[in-house]
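Enquirer: Just the structure for this:
(4 chains)
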Number of protein chains: 2
Amino acid sequence: MAEGTGAPGGGESLLFLTDEQLRKGIEAMFFAYRAFTADPDRILEGMDYGRAHHRAIHFIHRCPGTTVNNLLSILGVTKQSLNRVLRTLIEDGLVESRVGRQDKRERHLVLTEKGAALERELSDAQRARMRAAYRAAGPAAVQGFRQVLEAMMDPQLRRQYQTLKEAGS
Amino acid sequence: MAEGTGAPGGGESLLFLTDEQLRKGIEAMFFAYRAFTADPDRILEGMDYGRAHHRAIHFIHRCPGTTVNNLLSILGVTKQSLNRVLRTLIEDGLVESRVGRQDKRERHLVLTEKGAALERELSDAQRARMRAAYRAAGPAAVQGFRQVLEAMMDPQLRRQYQTLKEAGS
DNA sequence: CTTGGAAAGTCAACAAGGCTGACATAAACC
DNA sequence: GGTTTATGTCAGCCTTGTTGACTTTCCAAG
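Expert: Reported below is the predicted structural model:
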């Protein structure tokens, strides 16, 4: 509310902050997220897995040896919810659960070769779409894309994202 | 698309298309979408409504008088799924369903004053977050943000988004 | 050594919100 | 009159989230 000038020509225009522009951004997020999840969803349907399995597999791949508690805080779900997903992945031999060495209460999660193969299939599909979008939009747009997404996160989520971001290479 | 160099320094660097960069974009989408839906979810919890109700309310507000079929194709769910949501909104007096004049088979959906009030509360919260993110990132970043999101959509989704985008103002 | 508490697993029950299939009705169209 | 279209509805199923209660394991402090 009370957006200030709105008048064009005043040094740096604030026209990009109008409700109209914000609404377009909101709807773009809605439609883009649908597209974003469409490819992995398509691959997983038919297998007994869903989006929750994809997320677990993704982050276990990203953080090999992570504990259940750590995974819980990344995914933002309850342990009961994660456990159901994790159990099927372990039973099916996609994920291995190793008792911790120092702290034997902890379970360290890693993908098996079979799990890594599925991860590759899923992330290849998701990356292909992302790559096409990046290429079409160009490097400057990509930088802006990431800036806005990061600015949208709550500080706590942003910290988790940053930690992951730095952890990669 | 003239892939060309890949080598740094060669005119336009393609380093933004590495798997590493794509992964960061994917994880940014994941965390940002959580934040994106968090505020409306918080408002709706406690009321008997959920994210599905929010989506219906949003698009009925955007397209007043839209038919059920049109709403279905925007939301991308089955009529049974939408009907469950719509029925409660109509029963609770947030949405009005008017029999069509020309074609009496159609129902035209509009928000009541009560529905419009909830819509305002929800979209105010969502816009506030968006506005903060836009302001922090700046106009150039916002342009890139929208470009990448649009490029990510399937052609059919993009057409729906474009139609809505132009319809506004 | 005992005990408190953290980490993990499990069971039961429930809710939201997707889905399919089948069927009913009314209106429009041919 | 017969077919198609738009809508609504019933029943049942699945995934994925939730809470609450309880157990087991095991580190660590007293």
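Enquirer: residues from chain A in reach of DNA strand D?
Expert: A:48-53, A:76-78, A:80-82, A:84-85, A:99, A:103-105 (CB under 7 Å from any atom of the strand). In this view, the C-beta of every residue, glycine as well, is placed from N, C-alpha and C.
Enquirer: and these near DNA strand C, which?
Expert: A:Gln80, A:Asp103, A:Arg105.
Enquirer: which one of those residues is nearest B:Arg146?
Expert: A:Gln80 (38.5 Å; CB to CB).
Enquirer: Tell me which helix or strand comes right after the helix or strand harbouring the closest one.
Expert: Using DSSP states H and E, the element containing A:Gln80 is helix A:79-91. Per DSSP H and E, the first helix or strand lying C-terminal to helix A:79-91 is strand A:95-99.
Enquirer: Which single residue of chain A approaches chain B most closely?
Expert: A:Gly144 (2.5 Å; CB to the nearest CB).
Enquirer: follow-up on the earlier one: relative to strand A:95-99, how tilted is the helix holding A:Gln80?
Expert: 110 degrees (axes from the mean of the first three to the mean of the last three CA atoms, to 10 degrees).
Enquirer: And helix A:79-91, what's buried?
Expert: Of all the residues in helix A:79-91, those buried under the rule 16 or more other CB atoms under 10 Å in any protein chain shown are A:Leu82, A:Val85, A:Leu86, A:Thr88, A:Leu89, A:Ile90.
Enquirer: Equivalent analysis for stretch A:140-157, please.
Expert: Buried residues in stretch A:140-157, counted by 16+ other CB under 10 Å: A:141-153, A:157.
Enquirer: how about the buried residues of helix A:79-91 in JSON lines, adding distance to A:Phe30 and pLDDT?
Expert: Shown next, in JSON lines, are the buried residues of helix A:79-91 (distance: CB to CB, whole Å; pLDDT from 0 to 100):
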{"residue": "A:Leu82", "distance to A:Phe30": "26", "pLDDT": "96"}
{"residue": "A:Val85", "distance to A:Phe30": "25", "pLDDT": "95"}
{"residue": "A:Leu86", "distance to A:Phe30": "30", "pLDDT": "95"}
{"residue": "A:Thr88", "distance to A:Phe30": "30", "pLDDT": "94"}
{"residue": "A:Leu89", "distance to A:Phe30": "29", "pLDDT": "95"}
{"residue": "A:Ile90", "distance to A:Phe30": "34", "pLDDT": "94"}
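Enquirer: helix or strand for the residue nearest the centre of chain A, which one?
Expert: Central residue of chain A (CA atoms, centre = their mean): A:Arg55, 7.4 Å from the mean position. Element membership for A:Arg55, per DSSP H and E: helix A:51-62.
Enquirer: Which residues does that helix contact?
Expert: Helix A:51-62 is touched from outside by A:37, A:40-41, A:44, A:66, A:71, A:74-75, A:77, A:81-82, A:85-86, A:88-89, A:94-95, A:109-111, A:115-116, A:118-119, A:122-123, A:164, A:167-168, B:23, B:27, B:30, with contacts defined as CB atoms under 8 Å, 6 or more residues apart in numbering or on different chains.
Enquirer: Show me what counts as buried in it.
Expert: A:Ala52, A:His53, A:His54, A:Arg55, A:Ala56, A:Ile57, A:His58, A:Phe59, A:Ile60, A:His61, A:Arg62.
Enquirer: continuing past it, what's the next helix or strand?
Expert: strand A:66-67.
Enquirer: Report all helices and strands that the least confident helix or strand in chain A by mean pLDDT contacts.
Expert: In chain A, no helix or strand scores lower on mean pLDDT, DSSP states H and E than helix A:155-167, which sits at a mean of 90. Applying 3 or more CB pairs under 8 Å, 6 or more residues apart in numbering or on different chains; DSSP states H and E, we find helix A:155-167 packed against helix A:68-75, helix B:19-44.
Enquirer: A:Glu119 against A:Glu113, yeah?
Expert: No: counting by CB atoms under 8 Å, A:Glu119 sits too far from A:Glu113 to count as a contact (10.5 Å).
Enquirer: And these two? Which one has more around it.
Expert: Taking other CB atoms under 10 Å in any protein chain shown, A:Glu119 and A:Glu113 do not tie; A:Glu119 has more neighbours (18 against 8).
Enquirer: residue of chain A with the smallest distance to DNA strand C?
Expert: Nearest residue of chain A to DNA strand C: A:Asn69, at 3.0 Å (CB to the nearest atom of the strand).
Enquirer: Could you find the closest non-adjacent residue to that residue?
Expert: Residue nearest to A:Asn69 in three dimensions, not counting chain neighbours: A:Glu106, with 7.6 Å by CB to CB, 6 or more residues apart in numbering or on different chains.
Enquirer: Secondary structure element holding the closest residue in space to A:Gly65 that isn't next to it in sequence?
Expert: Excluding the flanking residues, the one nearest A:Gly65 by CB to CB, 6+ apart is A:His108, at 4.5 Å. Assessed by DSSP H and E, A:His108 sits inside strand A:107-111.
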